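Asker: got a structure for you, letters missing:
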């Protein structure tokens, strides 16, 4: 390594700039120096990077700066159940709405329903999640008062006993129907916002693939045998048309996590996405790095899992 590139990794001003983000400009120089030593910022950047990779191999994501002495894993463990619950129910909404509209549109090619389905897919895919969330809050929460503005559970009530961290599951395990309905009530607005906007992806895929499948030779042969159109649609064509949906489901998971961040911030949902936004605002870089690595690992494992399911469903892609 030449002297120029070596100077980039040993820039003496780097630890001062980095530590200033945490301690502030008015902090005493002794406090800044102690913080730099605590965070190992006096070492060259390439050594810091190797240390971080070594910690990752030991599943050590570091310690949060804004939460005194709390590890990043504890932050993830505390906030991820809320994000997981939001992501699960949003996926259910997206799949049900998207596949339903896609089937309805593809079964009536060239009609007004087909045009409406295409328009639905384009509009929902292009609308910003945070803007739609604020509009829905303004209408249904502020003006009509039908739904709460934010949070996960009313502050005046005791949340379900902590078992899995998922309020809907914990309330069912505790046999408390009232808490279950309350948890669903607070989930409704964020899930509908995120789910409907992601449903356009599934609608477009189902509509295109189902149209192609309905024109296949085996479908024409089924019609020639006098099989009812409804049975052909659901028993023959739809099974093959849904195979690409399963593939896209894994790829959409990354969009779901990204959308969850915006949805959680908009609806004040106490999940990992909202905690990531707070960490970015407060320049809590260890927490930001840890959460992003965690999200990345989820996307990777979800994609692998979807590939395994695809190989099980469709023998043609086994290898």
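Answerer: Arrived safely. Just so we're clear, the structure is a prediction, and the values are computed from it rather than from any experiment.

Asker: low-scoring stretches of the chain, by residue?
Answerer: Within the chain, the set of residues satisfying pLDDT under 70 comprises 1-27, 251, 253-255, 258-259, 314-319.

Asker: need the single longest helix in it, by residues.
Answerer: Longest helix in the chain by number of residues (criterion: DSSP state H): helix 177-214.

Asker: check which residues of it are buried.
Answerer: 179-180, 182-183, 186-211, 213-214 (16 or more other Cβ atoms under 10 Å). To be clear about C-beta, it is placed using only N, CA and C from the backbone, and glycine gets the same treatment.

Asker: pull the contacting residues for the one residue sitting closest to the centre of the chain.
Answerer: The centroid of the chain falls nearest to residue 257 when counting by Cα atoms, centre = their mean (1.7 Å). Applying Cβ atoms under 8 Å, 6 or more residues apart in numbering to residue 257 gives the contacts 83, 87, 273, 295, 298-299.

Asker: ok, now residue 130?
Answerer: Contacts of residue 130 were listed using Cβ under 8 Å, 6+ apart, and they are 262-263, 265-266.

Asker: next, the buried residues of the helix or strand it falls within.
Answerer: Under the criterion of DSSP states H and E, residue 130 resides in helix 129-136. Residues of helix 129-136 classed as buried: 129-130, 132-133, 136 (neighbour count, 16+ other Cβ under 10 Å).

Asker: helix, strand or coil for residue 91?
Answerer: Secondary structure assignment for residue 91 (DSSP: H, G, I helix; E, B strand; the rest coil): helix.

Asker: whoops, residue 155 was the one
Answerer: Secondary structure, three-state DSSP: residue 155 is coil.

Asker: any idea how far it lies from residue 148?
Answerer: 10 Å (Cβ to Cβ, to the nearest Å).

Asker: residue 140 too?
Answerer: Distance of residue 140 to residue 148, computed by Cβ to Cβ: 10 Å.

Asker: just the buried residues of helix 129-136 now: which is nearest residue 249?
Answerer: Proximity of the buried residues of helix 129-136 to residue 249 was ranked by Cβ to Cβ; the top entry is residue 129 with 18.5 Å.

Asker: for the closest residue to that closest one other than its chain neighbours, what are its contacts?
Answerer: Excluding its sequence neighbours, the residue lying closest to residue 129 (Cβ to Cβ, 6 or more residues apart in numbering) is residue 262, at 4.6 Å. By Cβ under 8 Å, 6+ apart, the residues touching residue 262 are 128-130, 133, 273.

Asker: what would those look like in a markdown table with distance to residue 164?
Answerer: Listed next are those as a markdown table, based on distance: Cβ to Cβ, whole Å:
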| residue | distance to residue 164 |
| --- | --- |
| 128 | 32 |
| 129 | 26 |
| 130 | 29 |
| 133 | 26 |
| 273 | 19 |
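
Asker: of those residues, which is the nearest to residue 237?
Answerer: Proximity of these to residue 237 (Cβ to Cβ) peaks at residue 129, which lies at 32.3 Å.

Asker: can you get me a residue count around residue 301?
Answerer: Residue crowding around residue 301 was assessed by other Cβ atoms under 10 Å; the count is 12.

Asker: which SSE is it in?
Answerer: Following DSSP H and E, one finds residue 301 within helix 285-313.

Asker: how about that helix: buried residues?
Answerer: By 16+ other Cβ under 10 Å, the buried positions in helix 285-313 come out as 285-291, 294-295, 298-299, 302-303, 306, 310.

Asker: of all pairs in the residues you listed, which one is the farthest apart?
Answerer: 285 and 310 (37.3 Å).

Asker: so residue 87 touches residue 256, yeah?
Answerer: Yes - counting by Cβ atoms under 8 Å, residue 87 touches residue 256, with 5.5 Å between them.

Asker: residue 222 reaches residue 230, doesn't it?
Answerer: No - the pair residue 222 and residue 230 does not pass the contact test of Cβ under 8 Å, sitting 11.7 Å apart.
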